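[1] need coordinates for the following:
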Amino acid sequence: MAGILSLVGGDELNPGNEPQDEALIRAMRPGPAYVVATAAARGKPDLGVANAIRWFDALGVEMQELPVRTRADASSKEIASRARSGGLFYLVGGDPGLVVDVVERSRVWSAIVDAWRNGAALAGSSAGAMAFGEWSLIRGGRWPNHDERRFKPALGLVPHVAVIPHRDTFGARWRSSVGLAKPADAVLLGLDERTAAVWQDGAWTALGAGTVEVSAGGSEPRVVRSGERVDDLPEPAG
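    Residues are numbered from 1 along each chain as shown. Okay, here's the model as predicted:
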């Protein structure tokens, strides 16, 4: 049976994230807890790893890095073997398109998904969460037009979904920039920072410091508060 899945809106590994991260810990299967810093590989991956180790240590879990920073890493039989034994995986934020470029159709990603389908806990924040959808919203315009976004095929773990992280800060501006180009069956999932949509026991629930917004079809966006069920969000491909 597939494990818990958490899509986090950013500002991860900081106070306010306790509800969703403690849920991950309670639901994880026996095995190593891994931080995956793929999205930060072009920035400061060591800082992302250190922050994850610090944060989860305070929550009582010993975290270590699953080193997937390049396509060669993602193709490694040894790293894939380590991933198969994982009990928890956390993909930190960074570059929205890089996770897909590095891990798509790779040995390591297949091993992570297999571990999750057999009960491991899986989470992604910001760019990590974006990669789990059917599409990732990557920059569509040139500098300094950061708010122009286009749909890029992603890993498809959550079908029909495009995640908009940081909804309460800058992410809300993305929504209007992708409206005209949105695929007909796309579900836009807006996540405030330090807030998650969590799949567990056959349902999605909002957890964390802020709110979750779901826009499906032609309906008006629906805002969901922490502790409430998130409807209109497809089941993961587990």
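[2] any weak-confidence spans in the chain?
    For the chain, applying pLDDT under 70 flags the ranges 140-147, 171-181, 218, 238.
[3] hey, what's Arg150 bridged with?
    Ile138 (DSSP bridges).
[4] longest helix in the chain, by residue count?
    helix 45-58 (DSSP state H).
[5] counting neighbours, which bits of that one end up buried?
    By neighbour count with 16 or more other C-beta atoms under 10 Å, helix 45-58 contains the buried residues Pro45, Gly48, Val49, Ala50, Asn51, Ala52, Ile53, Trp55, Phe56. Where you see a C-beta, it was placed from the backbone N, CA and C, and this is true even at glycine.
[6] for the residue lying closest to the third one once chain neighbours are set aside, what are its contacts?
    Distance criterion C-beta to C-beta, 6 or more residues apart in numbering; nearest residue to Val49, sequence neighbours excluded, is Glu65 at 4.7 Å. Contacts here follow C-beta atoms under 8 Å, 6 or more residues apart in numbering; on that basis Glu65 touches Tyr34, Val35, Val36, Ala37, Val49.
[7] secondary structure element holding the second one?
    Of the helices and strands defined by DSSP states H and E, Val35 is found in strand 33-36.
[8] list the strands paired with that strand, with their directions.
    Assessed with DSSP bridges, strand 33-36 is paired to strand 63-65 (parallel), strand 88-91 (parallel).
[9] next one: phi and psi at Gly43?
    Torsion angles at Gly43 (phi, psi; degrees, to the nearest 10) stand at phi -110, psi -100.
[10] so how far is Gly94 from it?
    Here Gly43 is placed at a distance of 6 Å from Gly94 (C-beta to C-beta, to the nearest Å).
[11] nearest to Arg71, of the strands paired with strand 33-36?
    strand 88-91 (16.1 Å; C-beta to C-beta).
[12] residues making contact with the closest one?
    12, 24-25, 28, 31-36, 38-39, 52, 56, 61, 63, 66, 83, 99, 112, 115-116, 120-125, 127-129, 131.
[13] got the CA positions of that strand in CSV?
    Coordinates of each C-alpha in strand 88-91 appear next as CSV, following Å, rounded to 0.1, in the frame of the first residue of the first chain:
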residue,chain,number,x,y,z
LEU,A,88,11.2,8.6,4.3
PHE,A,89,12.2,10.9,1.4
TYR,A,90,12.1,14.7,1.5
LEU,A,91,12.8,16.7,-1.7
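[14] tell me the buried residues in whatever helix or strand comes next after it?
    For strand 88-91, the succeeding helix or strand toward the C-terminus, using DSSP H and E, is helix 98-103. Within helix 98-103, the residues that count as buried by 16+ other C-beta under 10 Å are Leu98, Val99, Val100, Val102, Val103.
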